[in-house]
Structures are given as structure tokens and as C-alpha cells.
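Participant: Build me a model:
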Amino acid sequence: MRGALKYGVPLAAGLATGGYALSQGEDPGSAALAGIAGGLGGAAGLLGARKLAGKYDPALTQGKLLDAAVKNREGGMRQALLLNAAEKAGQLQPRGLGKAAAAATVPTAALAAGLGGVALGAIPGSMGVPGFQQGMAIDPESPGSSNTANAKYGVTPYATTQYA
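Facilitator: Presented below is the predicted three-dimensional model:
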């Protein structure tokens, strides 16, 4: 398999699932885990897609049968059976459903694995690990909060120094 396909597809799947998790408001740690798991899921989906595409491609099946027939004894029963099967495989029409299933395997596996990464990120988030928390608590009495006395009366900190 080509390196661009072998490494590019899982990398793209990982970036896509991690980016999607961030766009949905997930914390950075969970989004990173979703990206890692999505990349691994994309790699697994790519292996599954190769198996499915080969299973439903008659030309590939015919080639494998012919190769096996050549390796057997000339004029033997096994060679005759393999040649007969290769002839029948060549007469089959390609099935579009198998190719569509192979094409859908990579994104489906990546998204499912990415969801698992987000779920995995909930564990350290529930324990309060930094980077895995949605948002930090806001102190209502902190400067800039709308609950302070100056904010309630509309007084800005610079108003007293302008008239001095």
C-alpha cells in the first residue's frame, strides 16, 4: 500500500475527529483523545476496506484463482477446479454495494473510535484533571463580574480619576 494512503488516511481521520470534537464544545483533552482514537479507527477501517474491496472485486478474485492454478500440478483435478472457478469469477459483474461498503468503512470506523475517545476523556474530566474539564467556575465577586458593587451602580474604575 502506498505511504500516502497508509499514513495519510488515518492522519486525516484523526484530525477530522479531533477537530469535530473541538467544534462541538468538548474540552481539549477529550478532543485530543478523540483525535488519537479516530486515527486508530481510520487505520483499522482502512484495513477492513481493503478486505471488503478485494472480496467483492471479481477481477482480483479471478487473478488469485489463476495464480493458485498455476502453482498446482499440470492437468490435475485441483488445477481444473481452480481454472473453472476463475472462469466463473470472470463472468461475475462487479457489485456496487460491496464497493460502497468498503468506501464507508473508514469514516464510520474513525467516527465510532472518536466517540470512544470522547467517552474515555470523560473519566479524567470527572476526576478534575486539568485539560479535561469543560469550563472553570467563575467567581461572582471577581473584578469584571456583574455582581460587584461597582457593576451594580454603573460606576467604572476610571470615573473617579477623570474629574480630579
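
Participant: In three-state terms, label Arg73 for me.
Facilitator: Recorded secondary structure, Arg73: coil (DSSP: H, G, I helix; E, B strand; the rest coil).

Participant: residue contacts, it?
Facilitator: Going by CB atoms under 8 Å, 6 or more residues apart in numbering, Arg73 touches Gln79. C-beta here means a position set from N, CA and C on the backbone, and glycine is covered the same way.

Participant: Okay, it and Ala86: tell me how far apart.
Facilitator: Going from Arg73 to Ala86 by CB to CB, to the nearest Å gives 16 Å.

Participant: For Leu46, give its distance to Thr105.
Facilitator: The gap separating Leu46 from Thr105 is 8 Å, by CB to CB.

Participant: for Ser30, what are its contacts?
Facilitator: The neighbours of Ser30, taking CB under 8 Å, 6+ apart as the test, are Ala21, Gly117, Val118, Leu120, Gly121, Ala122, Gly125, Phe132.

Participant: do the same with Ala68
Facilitator: By CB under 8 Å, 6+ apart, Ala68 lies in contact with Leu82.

Participant: What of the one 10 residues further on?
Facilitator: Residues in contact with Arg78, defined by CB under 8 Å, 6+ apart, are Asn72.

Participant: Does Gly35 touch Leu111 like I think?
Facilitator: No - contact status for Gly35 versus Leu111: not in contact, 12.0 Å apart, counting by CB atoms under 8 Å.

Participant: and for these two, which residues touch both?
Facilitator: Joint contacts of Gly35 and Leu111 (CB under 8 Å, 6+ apart) are Thr17.
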